Structure formats: structure tokens, C-alpha cells
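Peer 1: okay, sequence plus prediction incoming.
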Amino acid sequence: MKLNPTVRWSTGVLALAIFLIGCQEMESLDANLLDKSELALSDGAGDHINARMMIQNVEPVVITGANPGGNVECSEVADHFELDGFNSSSERIATASGSFNGTFPAGFTVTLTSEKTMDWSFTPGQDKCLFDIAVIVKGGPSANVYYYKDGQTGGTGLVAPGGAGISNVTFCYNITEAPAAPEVMGDEACYEEGIKLTAKAVNVPDGVTIVWYESAEGGSPVADPSITTVGSKTYYAEAVSGTCVSTSRSAATLEIWDLPAAPTNPNSQERCIETYPSLTASVEVPEGVTVIWYDEEGNETDYITVTTVGTHKFYAEPISENGCVGERTEVVLILKVCGDTDIEEDPCYADETAWASRGAGLDRYNSRGNWATWVYFNGNKTVDLFAGQTHLIGTVSFADNGNNTVTITIELNSDGAFQDVGDNVKIQDYASKPSGNPAPGGFAHKGTAEGSSFEITVPKNNYYGVHVDAARLIECPVDED
């Protein structure tokens with residue numbers, strides 16, 4: 001059982017009252033020693049989290065019952081205060097030799113502070129609350145009835161009418177079940193201007209109010225359980241019914257996700273169509289972020305490779321794992337006519353080293369010297385195959401097979417060919433970004449390609465180096481006589 005914060009304060013006030021009473025002459029104790037006053041607990045924001053309640057003794061009333069000599073019954077007390085009744089009561093416990101000659105129900109502590117005055121306190125059982133209580137204090141031919149209707153669990157300085165000595169005492173009270181911990185809901189969303197997420201309680205029973213805290217136990221009430229900035233926060237809700245509080249709190253978590261950053265390193269470029277018959281747009285995003293491509297008209301597209309003369313614009317939109325959308329990055333690809341290449345009927349080829357890359361000269365193993373390049377794999381994609389660092393001779397596609405393998409497909413264009421040697425395709429996979437001088441002869445995955453295409457399946461990993469022993473179409477030299 002747990003009382004609401006207001007009721008918890010009554011214990012301290014009760015102790016203070018007992019101390020004050022101890023300083024008085026018992027024979028001259030005034031039943032109204034403690035003036036009527038009220039105490040309300042504030043949540044620190046100016047709002048009272050519970051109704052005001054009396055935290056000192058109430059004024060007694062004398063009820064003339066059917067039984068002679070002031071032996072008032074609990075049913076008569078209920079009728080007088082227009083109650084439905086009491087669900088619990090003690091026996092009528094008499095006094096003898098300065099103490100009570102009997103046992104009060106579990107939870108009660110009742111003390112005669114003199115033959116004319118008494119104190120009481122009550123601790124309800126687990127998951128129980130004291131709703132209201134009446135104390136019948138008999139002395140002489142009559143009885144005082146003290147009725148506490150705000151869940152107070154103690155009183156001091158109770159007396160019988162007319163200054164008579166206390167002859168017996170009866171307690172009439174209502175015990176209620178503590179309310180269950182509330183049903184609550186958190187929330188989560190992507191950040192946007194002016195966002196505010198608030199924890200909520202749902203299916204709240206009639207007569208129950210909800211008080212929020214920042215901790216599972218203790219702490220001060222929170223007037224507004226919400227967040228407005230990127231991050232996560234958990235609030236805890238307590239159910240309050242009158243002066244009774246749920247024995248546990250329910251947690252509701254709020255989370256605002258940050259938006260992914262705009263993609264970086266767009267491979268915008270301007271090339272001659274004679275040398276670069278196709279260009280493919282690409283950008284870089286962090287792990288866990290995917291890219292949705294849009295064309296100039298704002299339509300979503302999977303076609304980001306261009307093969308025609310002109311200026312082509314694409315826009316890369318980042319999507320986080322939580323579905324949050326960031327700002328788009330523009331990629332501009334320009335293909336232009338620069339002049340014809342005089343190719344004879346019997347073409348001439350020059351042997352070249354070729355590497356897969358998202359753009360000529362990008363993502364090199366070394367920033368200087370060896371121009372070998374690698375490819376970052378973050379999902380199905382197609383990149384270019386460059387011979388001699390700048391000559392586009394085809395494409396390399398990566399397809400996730402869903403079984404921890406990736407199929408790599410090499411497609412040569414009309415300007416490229418595979419050298420007529422064994423193991424002319426060499427591939428190495430890496431868990432982290434490769435660096436240093438690669439040794440293609442030592443690459444783990446090899447194959448011999450013929451014609452204009454080649455396909456191989458390799459283990460899935462984060463980075464790949466794709467090396468091809470290639471031949472590039474060139475203008476045949478002219479013999480001079």
C-alpha cells in the first residue's frame with residue numbers, strides 16, 4: 001500500500017503534534033489544542049497534485065444512539081454522516097488501569113496518553129488504502145465521534161465528552177483496494193520543426209487521476225511528461241484514487257529520431273560521350289542509411305545511368321533505418337560530343353588494368369601513387385569499370401542474394417574487352433575500408449572471363465576490390481612509309 005504525497009506528510013505533522021502534546025499538562029489538555037488548518041502538497045509548478053486534506057484532529061460530534069450510556073454503533077455513525085456504511089470495524093475495546101484491555105485489528109496503534117486522552121494511527125495492509133474512518137471515544141454517559149473523511153491515518157488528543165475519562169473506544173472504517181498501475185502509451189517520431197511528443201494514460205477508470213514522474217520510484221511530479229528535442233526519455237505514471245496510490249508506476253518511453261544527413265560525395269561530372277558512353281549517378285551515405293533516387297521532375301526512379309548527350313540531374317534522398325527522411329543531394333551528369341575517333345575495321349586494343357569505382361579516381365586504396373579503387377557495398381548497386389584510371393569500359397553490378405553472398409556481374413561496353421589470359425578477373429572482399437598497395441594476384445576470388453560479360457558469387461562483405469585485366473579500344477596507329 002502506498003499513500004499519495006499529501007497523506008505521506010501527515011506522519012510528520014502527527015509526530016509534531018505528539019511532541020507538542022507531550023509538553024502540555026495532561027489534565028489541562030484542550031481537545032482543540034491544534035487549530036484547524038490545511039496543508040496541500042504542491043508539485044513545484046504551482047499545481048496541487050491532490051485535494052486539500054485535514055492533517056490534524058477533526059472536531060468531534062456527539063451522536064445520541066439507541067443504545068444507552070453512549071455505546072454508539074458503527075451503523076449509527078454511518079447514518080449520521082449519510083454514508084453507505086463501513087466495511088470494517090474493531091470491537092469495543094475498554095480501558096483498564098491506564099491501558100486498553102483488548103486488541104485492536106492489525107495495523108492499528110492506539111495509545112492512552114492519559115486517562116482522558118488518546119492517540120491513534122493505522123497502517124493499511126499491502127495494496128490497501130484507508131478511505132475514511134470514525135473513532136468512537138466513550139467516557140461517562142456519552143461518546144465523542146471523530147470522523148476523518150480524507151484518508152488520514154492518524155489522530156492525536158482524542159477525548160470523551162465533558163472531560164470524562166475514556167472508558168472504551170471503537171473504530172469504524174472503510175478499506176479500499178489500491179488502484180492498479182495505469183495503462184500508458186509512449187510515442188516515437190522523426191524530428192520536425194515544432195514537434196512535441198507527450199506520454200499518455202489510456203483507459204483510466206472513473207475517479208482515478210494520473211500523476212507522472214521522471215523515475216520509477218520517488219521523485220517529484222512532472223506537470224508535462226513530454227519531449228521536444230532529438231533523444232529518448234522515459235516517464236513513469238502513478239494512479240491516484242482519492243488518497244490511495246498505485247503500488248507501482250508504469251513506464252512510457254518517448255523518442256524523437258534525428259534526420260539522416262544529406263548524402264555526400266556526389267559524383268557530378270562532365271564527360272565526352274566518345275570516351276564515356278554512359279555515366280551513373282552515385283553518392284555516399286553512412287551504414288544503415290539507404291538512398292531513394294529522384295529525377296528532375298521529382299519522380300522516384302531506379303534509372304540513374306545516362307547514355308545520351310545532354311545535362312541530366314538526379315537527386316539522392318537519404319532514408320534512415322527508422323524511416324526518417326533527410327535532405328536531398330543533387331548529382332549532375334553531363335555527356336557531350338567532343339569529336340569522332342577514327343577506328344579502322346580491324347580494331348586495335350591496348351592492354352590496361354581496370355578497377356571498379358563509383359567515379360573516375362574516387363575511393364582509392366592510396367591517395368597517391370597506385371590508383372587502384374574499391375567499392376563500398378551497402379545494398380544492390382551498379383558502378384563503373386575504369387581502365388587506365390579514366391577510361392570507362394563497362395559496369396560492375398553487385399546483387400545481395402540474401403544468403404550472405406553477393407553476385408558480382410561485369411558488363412563491358414564496346415570500348416572494352418577481357419585480356420586473353422587466365423584469371424583475368426580478381427576480386428577481394430573486406431570488412432573495413434581497404435588501404436595500402438593491393439596485390440591482385442593474391443585476391444581470394446578469381447575467374448577467367450570471355451566475351452563481354454562475367455559473373456561470380458562471393459561472400460557478402462562491406463567493401464570490394466574488383467580488378468580486371470582488360471583491353472581498351474584505341475585508334476590504330478598509322479604506318480608511315
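Peer 2: Yes, it's here. Numbering: from 1, shown residues only.
Peer 1: dump the residue contacts of N174.
Peer 2: Contact analysis of N174 by Cβ atoms under 8 Å, 6 or more residues apart in numbering lists 86-88, 130-133. C-beta here means a position set from N, CA and C on the backbone, and glycine is covered the same way.
Peer 1: in strands only, show me the residues you listed.
Peer 2: If you go by DSSP state E, these have 88, 130-133 in strands.
Peer 1: SS state for A78?
Peer 2: State at A78, reduced to three classes by DSSP: H, G, I helix; E, B strand; the rest coil: helix.
Peer 1: what pLDDT does the closest residue to it other than its chain neighbours get?
Peer 2: Leaving aside its chain neighbours, A78 sits nearest to G85 (4.8 Å; criterion: Cβ to Cβ, 6 or more residues apart in numbering). pLDDT, G85: 95.
Peer 1: can you pull the contacts of G85?
Peer 2: G85 touches 74-75, 78, counting by Cβ under 8 Å, 6+ apart.
Peer 1: closest to A237 out of those?
Peer 2: Nearest to A237 out of those is A78 (Cβ to Cβ; 34.5 Å).
Peer 1: give me the neighbour count for the nearest residue to G451 once chain neighbours are set aside.
Peer 2: For G451, ignoring the flanking residues on the chain, the nearest one in space by Cβ to Cβ, 6+ apart is F418 at 7.6 Å. For F418, the count of nearby residues is 23 (other Cβ atoms under 10 Å).
Peer 1: over to E59?
Peer 2: By other Cβ under 10 Å, the residues close to E59 number 11.
Peer 1: so which helix or strand takes in it?
Peer 2: Per DSSP states H and E, E59 falls between elements, in no helix or strand.
Peer 1: tell me how far it lies from G436.
Peer 2: Distance, E59 to G436, using Cβ to Cβ, to the nearest Å: 92 Å.
Peer 1: now Y146
Peer 2: Y146 sits 89 Å away from G436, going by Cβ to Cβ.
Peer 1: neighbour count for the two, which is higher?
Peer 2: Y146 (19 against 9).
Peer 1: which residues sit in contact with that one?
Peer 2: For Y146, the contact set (Cβ under 8 Å, 6+ apart) comprises 57-58, 60, 134-135, 137, 155, 158.
Peer 1: domains in this protein, as residue ranges please.
Peer 2: If you go by automatic domain parsing, the domain ranges for the chain are 2-175, 183-257, 260-340, 346-481.
Peer 1: farthest pair within the ones in strands among the contacts of N174?
Peer 2: For the ones in strands among the contacts of N174, the maximum inter-member distance is 10.9 Å, found between S88 and D132 (Cβ to Cβ).
Peer 1: give me the common contacts of those two.
Peer 2: Contact criterion Cβ under 8 Å, 6+ apart; residues shared by S88 and D132: 173-174.
Peer 1: looking at those two, which is more packed in?
Peer 2: Between S88 and D132, counted using other Cβ under 10 Å, the more crowded position is D132 (20 against 14).
Peer 1: quick check: that one touching F171?
Peer 2: No: D132 is beyond contact range of F171, at 11.3 Å (criterion: Cβ atoms under 8 Å).
Peer 1: helices of the stretch 301-450 of the chain, start to end?
Peer 2: Read by DSSP state H, counting those that start in this stretch, the stretch 301-450 of the chain holds no helices at all.
Peer 1: which parts of it are strands?
Peer 2: 305-306, 310-319, 329-336, 348-357, 375-376, 381-387, 391-400, 405-412, 416-418, 425-430, 445-447 (DSSP state E, counting those that start in this stretch).
Peer 1: which is the next helix or strand following the last one?
Peer 2: The element immediately downstream of strand 445-447 (helix or strand, assigned by DSSP H and E) is strand 453-459.
Peer 1: quick one, what contacts S99?
Peer 2: L112.
Peer 1: contact partners for the closest residue to I136 other than its chain neighbours?
Peer 2: Nearest residue to I136 in three dimensions, chain neighbours excluded: T170, at 4.2 Å (Cβ to Cβ, 6+ apart). Residues in contact with T170 (Cβ under 8 Å, 6+ apart) are 72, 74, 89-93, 135-136, 138.
Peer 1: turn the ones in strands among the contacts of N174 into TSV, columns for distance to N404.
Peer 2: Converted to TSV, the ones in strands among the contacts of N174 look like this (distance: Cβ to Cβ, whole Å):
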residue	distance to N404
S88	68
L130	64
F131	64
D132	68
I133	70
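Peer 1: from those, which single one is nearest G451?
Peer 2: Closest to G451 out of these is F131 (89.7 Å), distances taken as Cβ to Cβ.
Peer 1: what's the burial count for K196?
Peer 2: K196 sits with 13 neighbouring residues when counted by other Cβ under 10 Å.
Peer 1: first-to-last residue distance for stretch 117-135?
Peer 2: For stretch 117-135, the first-to-last residue distance is 13 Å (Cα to Cα, to the nearest Å).
Peer 1: again, but for stretch 78-90
Peer 2: Terminal residues of stretch 78-90 are spaced 15 Å apart (Cα to Cα).
Peer 1: wait, C476 touches A350, no?
Peer 2: No: look at C476 against A350 with Cβ under 8 Å: they stay out of range, at 10.5 Å.
Peer 1: beta-bridge partners for T405, please?
Peer 2: Beta-bridge pairing of T405 under DSSP bridges involves P459.
Peer 1: surely it is in contact with K460?
Peer 2: Yes: in this structure T405 lies within contact range of K460 using Cβ under 8 Å: 5.7 Å.
Peer 1: confidence score at D340?
Peer 2: D340 is assigned 54 on the pLDDT scale.
Peer 1: could you report the neighbour count for S232?
Peer 2: Residues near S232, counting by other Cβ under 10 Å, number 12.
Peer 1: and it, how far from S453?
Peer 2: According to Cβ to Cβ, S232 and S453 sit 49 Å apart.
Peer 1: now swap in A223 and tell me
Peer 2: 68 Å.
Peer 1: buried sites along the regular element (helix or strand) spanning Y173?
Peer 2: According to DSSP H and E, Y173 maps onto strand 168-177. Using 16 or more other Cβ atoms under 10 Å as the test for burial, strand 168-177 gives 168-176.
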